[in-house]
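Chemist: Model the following, please.
(2 chains, ligands or ions: 2)
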Amino acid sequence: MIVVDSLSKHYGPHVAVDSLSFTVQPGVVTGFLGPNGSGKSTTMRVIMGLDRPTSGTATVNGRSLADHRAPLHEVGALLEARAIHPGRSAYDHLSAMAATTGVPDRRVREVLDLVGLSSVAKKRAGSFSLGMGQRLGIAGALLADPDTIILDEPVNGLDPEGILWIRHLLKGLADDGRTVFVSSHLISEMGLMAEHLIVIGRGRLIRDMTVDELRQVGRDGRVDVTTPYPADLTRVLLGQGVSIQSTDDAYTLTVTGLLAAEIGDRAVAQGIPLHALVPREASLEEAFMSLTHDSVEYQPAAAA
Amino acid sequence: MATAILDRTAPNDRTAPIDRPVESSPGTSGRLDSTGLAVTFPRVIRSEWVKFRSLRSNWLTLLATVLGIVGIGALASAAFTPDPGDADAFSNPVTVGLSGNLLAQIVIGIVGVLAITSEFTNGMIRSTFASVPKRLPVLGAKALVIAGVTFAVALPTMFGAFLLGQALIGEGNASLTDDGVLRVVIGSAGYLTAVALLGLGLGTILRQAASAIGVIFVMLLLAPQLLGFLLPASAQETFLRYLPSNAGDAFMTVDPAANLLSPVMGAVVLAGWVVGVLGIAAVLLQRRDA
Ligand SMILES: Nc1ncnc2c1ncn2[C@@H]1O[C@H](COP(=O)(O)OP(=O)(O)OP(=O)(O)O)[C@@H](O)[C@H]1O
Ligand SMILES: [Mg+2]
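Modeler: Ligands and ions are numbered 1, 2, ... in the order given. Below you'll find the model as predicted:
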């Protein structure tokens, strides 16, 4: 369990994290969301004991990382910037980390296998692609079989297979009863990966909610219907509280004010064929943006 | 929690990353036994040793240092004709035989600097501190590894350079059994070790290779001359002998000049510099963001 309590971090006059408090529970994957510069990476660095907080505390399983006997076994982390010497091989990099806490050599090879880097284990890490570097970072995070896993933008640079792989990996780790805390820019990715979300903006907590709750936020009740007879369908559906817009596609209508089931039932009753009936699950991006819009620090000029 | 980490997480075939990942069968890997996983100082030393030895550049630099010390000493010795009437240190056959040190100290200082600044530059320091969040053991272990390697390489090199140099000088040369010669030869290895540690400390304080190397250069090579110009003669007499390079010269010359400290005091003062710089480095390392 990670507990962040009234955490603030200032860089000179700049407030990166502002009285932030939240708890990350074991057993589920918790996503960490926020616009660029909202303080996610900073918070994770403070949890890892790398940046010193200006005030407040961040503990893992009740203690700051430095107070744990076996820190790597307690928390494994992949941080934003690459934390690897380019002149060292993947194997030596992990060996050096493993040595600090007595992790056996066999385990180094195991995690290299796990992330799929065995065949390049002896190559200089400097020659690795972004995704391979990311895999090596993940191997380092898993090295000492930690109870808590912290990953800052882990899917960065991974190919689709890699993304799928890490999604399964994190799910498995959480199912194991571990605490899994992951930041990502891709809100939709987070929707597939995480169950719980901590949303921050400008260093402050905006929401501490489940992914399902976020889906509700943006749900607007619109349904897209595709039919070869849009005019007939419009006549059938129009009524009190119902509005219908046409879309770029001449055969698709966007209906507001009716459930998908009601639309389908009425169409069948009138013998109008439907080719598609899609409730607009509000996109998580939209939901997320509606939550964080006010706290976006770096907006494109046009949107400001 | 008893399940093996790999069992739950092994991806299926379709998600194979670069390699086809291992298909782990139950029992290939249990969860690591946490009781044995404490961070201890010997383990941190081992880790720093793995880091040091796994960078080829470290070995190339050490090789260059060895060749430099022996080569420059040999060249200087071959060109040298002893003149017992000349009191200048560089007219002493021992000093001539070891004259490669002047350059070697800068190279070794750079090895010390890079041992830590490279980690700050490429972010490795975060992996290091995530593994050892108390941080101080890292500095201590780096210091031991750097000092150990430097001394282990420098000592035989000094003996080699001395013996080769004296052989080339021939008549009028010095012998290991002469008064103070053994002290100079061993002391020269000790001096390089101290310089490596100064480099480590300065690198930790400044975090950037360029500035730390600059400071090393000024401290060891320029400061004696520079202060010689700037300070009044009376102050020179008092202060210059306490500079690291002059403190080193106090035990790296067979007959220390009158304006130098005694050999023992020289060693003490140099050690004081090392402890002071590493002390400041330790405080800053603890306090600052990584
Ligand atoms: N070492 C530092 N020195 C000065 N300012 C910093 C430092 N680290 C972060 N900041 C500032 O703190 C704020 C938060 O940065 P942080 O990297 O934590 O955001 P983030 O949420 O991770 O952003 P992103 O999504 O782009 O990764 C930013 O305004 C950033 O410029
Ligand atoms: Mg970030």
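Chemist: What values do phi and psi take at residue 194?
Modeler: Picked chain A for this. phi -110, psi 160 (degrees, to the nearest 10).
Chemist: Surely it and residue A:24 touch.
Modeler: No. Assessed by Cβ atoms under 8 Å, residue A:194 is found out of contact with residue A:24, at 10.8 Å. Yep, even glycine has a C-beta here, placed from its N, CA and C like the rest.
Chemist: out of these two, which sits in the busier spot?
Modeler: The neighbour comparison of residue A:194 against residue A:24 (other Cβ atoms under 10 Å in any protein chain shown) goes to residue A:194, with 26 against 23.
Chemist: Quick check: neighbours shared by residue A:194 and residue A:24?
Modeler: Common neighbours of residue A:194 and residue A:24 (criterion: Cβ atoms under 8 Å, 6 or more residues apart in numbering or on different chains): residue A:30.
Chemist: now the strands for the stretch 151-290 of chain B?
Modeler: Taking DSSP state E, counting those that start in this stretch as the test, none of the stretch 151-290 of chain B falls into strands.
Chemist: From residue A:66, how far off is the closest residue to ligand 2 within it?
Modeler: Residue nearest to ligand 2 within the stretch 151-290 of chain B: residue B:289 (14.9 Å; Cβ to the ion). Relative to residue A:66, residue B:289 is positioned 14 Å away (Cβ to Cβ, to the nearest Å).
Chemist: is chain B contacted by stretch A:45-58?
Modeler: Yes. Against chain B, stretch A:45-58 shows contacts by Cβ under 8 Å from any Cβ of the partner chain at A:45, A:48, A:49, A:50, A:51, A:52.
Chemist: I'd like those as CSV, with pLDDT appended.
Modeler: Formatted as CSV, these follow (pLDDT from 0 to 100):
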residue, pLDDT
A:45, 97
A:48, 96
A:49, 95
A:50, 96
A:51, 96
A:52, 95
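Chemist: Select from the residues you listed the one having the most neighbours.
Modeler: That'd be residue A:45 among these, by other Cβ under 10 Å, with 27 neighbours.
Chemist: What residues sit buried inside the helix ranked longest in chain B?
Modeler: Looking across chain B with DSSP state H, the single longest helix is helix B:136-169. Buried residues in helix B:136-169, counted by 16 or more other Cβ atoms under 10 Å in any protein chain shown: B:137-147, B:149-151, B:153-155, B:157-159, B:161-166, B:168-169.
Chemist: Helices - which of the residues of stretch A:45-58 next to chain B land there?
Modeler: Going by DSSP H, the helices hold residue A:45 from the residues of stretch A:45-58 next to chain B.
Chemist: picking that back up, which neighbouring elements make contact with the longest helix of chain B?
Modeler: helix B:41-53, helix B:56-78, helix B:93-97, helix B:101-122, helix B:181-206, helix B:263-287 (3 or more Cβ pairs under 8 Å, 6 or more residues apart in numbering or on different chains; DSSP states H and E).
Chemist: For the stretch 151-300 of chain A, which residue gets nearest to ligand 1?
Modeler: residue A:185 (5.9 Å; Cβ to the nearest ligand atom).
Chemist: same question, the stretch 151-290 of chain B
Modeler: Taking Cβ to the nearest ligand atom, the stretch 151-290 of chain B has residue B:289 as its residue nearest ligand 1, at 6.3 Å.
Chemist: right, and that residue touches residue A:53 too?
Modeler: No. Counting by Cβ under 8 Å, residue B:289 stays clear of residue A:53, with 10.0 Å between them.
Chemist: Comparing the two, which residue is more hemmed in?
Modeler: Remark: of residue B:289 and residue A:53, residue A:53 carries more neighbours, 23 against 11, as counted by other Cβ under 10 Å.
Chemist: how far away is the more buried one from residue A:127?
Modeler: 37 Å.
Chemist: do residue A:172 as well
Modeler: 30 Å.
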